[in-house]
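Visitor: Need a 3D model of the sequence below.
(one chain, ligands or ions: 2)
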Amino acid sequence: MIRRFRPYFNYLRPHRGLLSVGILCGIIAGVASGAGLPLMIDRVFPVIFGDKTNPLAPVQPLALTNWQLAVVVLWIPFIFLLRGGATYLNTYFIQLAGTRILEAIRLDFFRKLQVLPLSFFQKNSTGDLLSRGLSDANQLQFTLITVANEIVRSPASLIGSISYIAWKAYHVQGVTFVLVILAVVPLSVLPIRYVGKKLIKRAGQIQAELGGVTNIFSENLSATKEVRAFSLEAREVARFKGSSQTLIRAQMKFMKYEKALTPLIEIISAVGIAFTLLYAYKVNLDQKTFIVLITALYASYEPIKKLGSLNNELKRGLGALERLEAVLQAPVAIVDTPDARPLARAHGALSFENVSFSYQPGELVLNDVSVLIPAGTVCALVGPSGAGKSTFANLVPRFFDPVAGRVTLDGHDLRSLRLADLRRNIAVVSQDPVLFNDTIYHNLLIARPDASRADIESAARAAYAHDFILSFPAGYDTLVGERGARLSGGQKQRLALARAFLRNAPILILDEATSALDSDSEAFIQTALKRLVVGKTVLIIAHRFSTIRDANLIIVFEAGEIAATGTHAHLYAANPLYRSLYDRQSGDSAAL
Ligand SMILES: Nc1ncnc2c1ncn2[C@@H]1O[C@H](COP(=O)(O)OP(=O)(O)O)[C@@H](O)[C@H]1O
Ligand SMILES: [Mg+2]
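Guide: Residues are numbered from 1 along each chain as shown. Ligands and ions are numbered 1, 2, ... in the order given. A predicted model of the protein is given here:
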């Protein structure tokens, strides 16, 4: 089982120094408690209470000077000082290394989240990913350091006490006696094996249930408004309670077996002691030797118990490991090929060649789509909701790759271009733009990190955002709140447009980018858009036909296929679907 962890022990490598010091202290602590205690009884007690091995010897303690007595008595604090100091340093250094390792695991996890394809996030919920990145990473770190530590310390302590028993027993009674005493040690491994088997099933389950709880938490926090609007308070609490109880049940099942281990080992060791007693009686063992042996025997159970719980810890870590690996080893489908072609500024000629796409195997969302979009074309995508317009547009920045066919930019397959170069040539404005919890200024700056203050203001002006920004007391330094919560939908969309102005990319994708605008802003934005699209290849998905009418090229989508392409005049005359979509919308506008 430990082999499964091998690649992750690499996380320990940079902290070898810390760990070695920690483990060395652990060995000292282990030996001090394994052999130290019995040794102490062996050395100190006879001096204080006299040597009763020989019944004829005087019971009188040896006569000692105060100084000699002090030295003898100080054995006890000395052993404990050694043991305590070494234990402290051991824990300290191991923890120190542990926090560094946790940091590395978490960072790797977070890094991976940045490059995973979007499809990954549609299959895995936020709460579950949060729980993997936080709680499973924590668990793995704990397992790694516990294992690294105990795997050296406990055997050291065990070897310490067992060698002492063997040595002592051999001197007193010979080999047979040693064997009798040691026979009970392997017995105590039985409960470890039994309990371990029960635990492996439960460990992964706990982490999964924890993911469920986190999931409800994060989903609830992102739907605070819906919970109130639809009076879901009681339902949400019930949902949370249910999930939380499932978690607790899983934890209790784990606990049931885990906590049985120590008593089981102790009972077996008590049986061992009973047998030793029996044997001691038969061979006429003196009490002092017996006590020393029992102490050593008992000291040897401590590391066995530790190794037993180490086994449990490994099981628990394995559960966490599997959940982390599901993410860390998830394939990153969309990456640069080794010979990826660099791309400076694209002209912007797009070509879809027999492109098919499906989110789920077997369900084609785009079916053998072919179309040519020359550089500098303003191209409108229209069609009923769910026809595949957004999916079509999302293939251009390679948010997804086609399952068949290819998309080319300036004649090159998108998959042959450097991903970062490709994406630098594209500005995307979506229906629901997300702002980071930062100032307006910094939210705009992400579109072009080298932009000057003047660039940013002129982009904001072009998007008709400058005035509303200045109406805030802090102006461009206004904090927008989480996901831009302190701004209205229209304001967020104007900031998103300002980002697009700033980015000034040759390809522009506007997916319902004007849908959240009120009719006042709409008029401004239409003017802004006219300016923004000049000289660019534009894919525009809009719900208003006023925007669409002027496009150079209109593509009509129907159920994942291209039903027709052409200009407004052409399509209105030739395509019944287009005509009905157009008429319905103009009718709606007339009714308003
Ligand atoms: N992430 C997704 N996973 C599975 N199916 C999806 C996903 N996104 C969209 N779809 C499905 O793909 C189809 C096309 O969606 P979309 O391209 O968003 O349509 P449109 O933008 O034309 O309204 C719809 O049937 C939708 O249900
Ligand atoms: Mg859409």
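Visitor: What count of nearby residues applies to the nearest residue to Leu571 once chain neighbours are set aside?
Guide: Leaving aside its sequence neighbours, Leu571 sits nearest to Tyr578 (C-beta to C-beta, 6 or more residues apart in numbering; 4.2 Å). Backbone N, C-alpha and C define where each C-beta goes, glycine included. By the criterion of other C-beta atoms under 10 Å, Tyr578 has 24 neighbours.
Visitor: Arg202: which element?
Guide: helix 189-221 (DSSP states H and E).
Visitor: ah, wrong one, I meant Phe352
Guide: Assessed by DSSP H and E, Phe352 sits inside strand 350-358.
Visitor: List the contacts of Gly127.
Guide: Gly211, Gly212, Val213, Thr214, Asn215, Ile216, Phe217, Ser218, Glu219 (C-beta atoms under 8 Å, 6 or more residues apart in numbering).
Visitor: shaky segments in the stretch 451-592 of the chain?
Guide: 516-517, 520, 586-592 (pLDDT under 70).
Visitor: average pLDDT for the helix or strand where Leu19 lies?
Guide: Counting by DSSP H and E, the element that carries Leu19 is helix 16-34. Over the span of helix 16-34, the pLDDT mean works out to 83.
Visitor: what sits up against it?
Guide: Applying C-beta under 8 Å, 6+ apart, the external contacts of helix 16-34 come out as 12, 79, 82-83, 86-87, 89-94, 96-97, 100, 148-149, 152-161, 164, 299-300, 302-303.
Visitor: Pull it out as CSV, backbone CA atoms only.
Guide: The C-alpha trace of helix 16-34 is given here as CSV (Å, rounded to 0.1, in the frame of the first residue of the first chain):
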residue,chain,number,x,y,z
ARG,A,16,15.0,16.4,3.5
GLY,A,17,17.1,18.5,6.0
LEU,A,18,14.2,19.3,8.3
LEU,A,19,12.8,15.8,8.1
SER,A,20,16.1,14.2,8.9
VAL,A,21,16.6,16.3,12.0
GLY,A,22,13.0,15.5,13.0
ILE,A,23,13.4,11.8,12.4
LEU,A,24,16.7,11.6,14.2
CYS,A,25,15.0,13.3,17.2
GLY,A,26,12.3,10.7,16.8
ILE,A,27,14.7,7.8,17.0
ILE,A,28,16.3,9.3,20.2
ALA,A,29,12.8,9.7,21.7
GLY,A,30,11.9,6.2,20.6
VAL,A,31,14.9,4.5,22.1
ALA,A,32,14.6,6.6,25.2
SER,A,33,11.1,5.4,25.8
GLY,A,34,11.6,1.9,24.5
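Visitor: Tell me the buried residues in it?
Guide: Within helix 16-34, the residues scored as buried using 16 or more other C-beta atoms under 10 Å are 18-19, 21-34.
Visitor: Same check on stretch 436-453?
Guide: Result for stretch 436-453 [16+ other C-beta under 10 Å]: buried residues Thr439, Ile440, Tyr441, His442, Asn443, Leu444, Leu445, Ala447, Arg448, Ala451.
Visitor: which two from these end up farthest apart in space?
Guide: Thr439 and Arg448 (16.0 Å; C-beta to C-beta).
Visitor: From the contacts of helix 16-34, list the buried ones, please.
Guide: Buried subset of these (neighbour count, 16+ other C-beta under 10 Å): 12, 79, 82-83, 86-87, 89-91, 93-94, 96-97, 100, 148-149, 152-161, 164, 299-300, 302-303.
Visitor: can you tell me which of those residues are up against ligand 1?
Guide: Applying C-beta under 6 Å from any ligand atom, the subset of the buried ones among the contacts of helix 16-34 adjacent to ligand 1 is empty.
Visitor: Among the residues you listed, which are located in strands?
Guide: Using DSSP state E to define strands, no part of the buried ones among the contacts of helix 16-34 is located there.
Visitor: C-terminal to the host helix or strand of Leu497, what's the next element?
Guide: For Leu497, the element it lies in under DSSP H and E is helix 489-503. Next along the chain after helix 489-503, taking DSSP H and E as the criterion, comes strand 507-511.
Visitor: what about that next one and ligand 1, touching?
Guide: No: shown here: strand 507-511 not in contact with ligand 1 (C-beta under 6 Å from any ligand atom), separated by at least 7.3 Å.
Visitor: Does anything pack onto that strand? Which helices or strands?
Guide: Here strand 507-511 touches helix 389-394, strand 426-429, strand 537-541, going by 3 or more C-beta pairs under 8 Å, 6 or more residues apart in numbering; DSSP states H and E.
Visitor: Partner strands of that strand, with direction?
Guide: When pairs are called by DSSP bridges, strand 507-511 turns out to pair with strand 426-429 (parallel), strand 537-541 (parallel).
Visitor: For the closest residue to Ile294 other than its chain neighbours, give its distance to Glu302.
Guide: Once flanking residues are discounted, Ile294 sits nearest to Ile273: 6.0 Å by C-beta to C-beta, 6+ apart. According to C-beta to C-beta, to the nearest Å, Ile273 stands 14 Å off from Glu302.
Visitor: which of the contacts of Gly127 are buried?
Guide: Gly211, Gly212, Val213, Thr214, Asn215, Ile216, Phe217, Ser218.
Visitor: which residues touch the nearest residue to His15 once chain neighbours are set aside?
Guide: Nearest residue to His15 in three dimensions, chain neighbours excluded: Ala97, at 4.1 Å (C-beta to C-beta, 6+ apart). Residues near Ala97 by C-beta under 8 Å, 6+ apart: Leu12, His15, Leu18, Leu19, Gly22, Ile145.
Visitor: do Val556 as well
Guide: Val382, Gly383, Ile562, Ala563, Ala564, Thr565, Leu571, Asn575, Leu577, Tyr578, Leu581 are the contacts of Val556 under C-beta under 8 Å, 6+ apart.
Visitor: do Lys197 as well
Guide: Contacts for Lys197 (C-beta under 8 Å, 6+ apart) come out as none.
Visitor: Which member of the contacts of Val556 is positioned nearest ligand 1?
Guide: Gly383 (5.8 Å; C-beta to the nearest ligand atom).
Visitor: residue boundaries of the helices in the stretch 151-300 of the chain?
Guide: Using DSSP state H, counting those that start in this stretch, the helices of the stretch 151-300 of the chain run over 175-187, 189-221, 224-229, 233-258, 261-282, 287-328.
Visitor: Make CSV out of the ones you listed and add distance to Phe5.
Guide: Below are the helices of the stretch 151-300 of the chain laid out as CSV (distance: least, C-beta to C-beta, whole Å):
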stretch, distance to Phe5
helix 175-187, 25
helix 189-221, 14
helix 224-229, 41
helix 233-258, 19
helix 261-282, 21
helix 287-328, 7
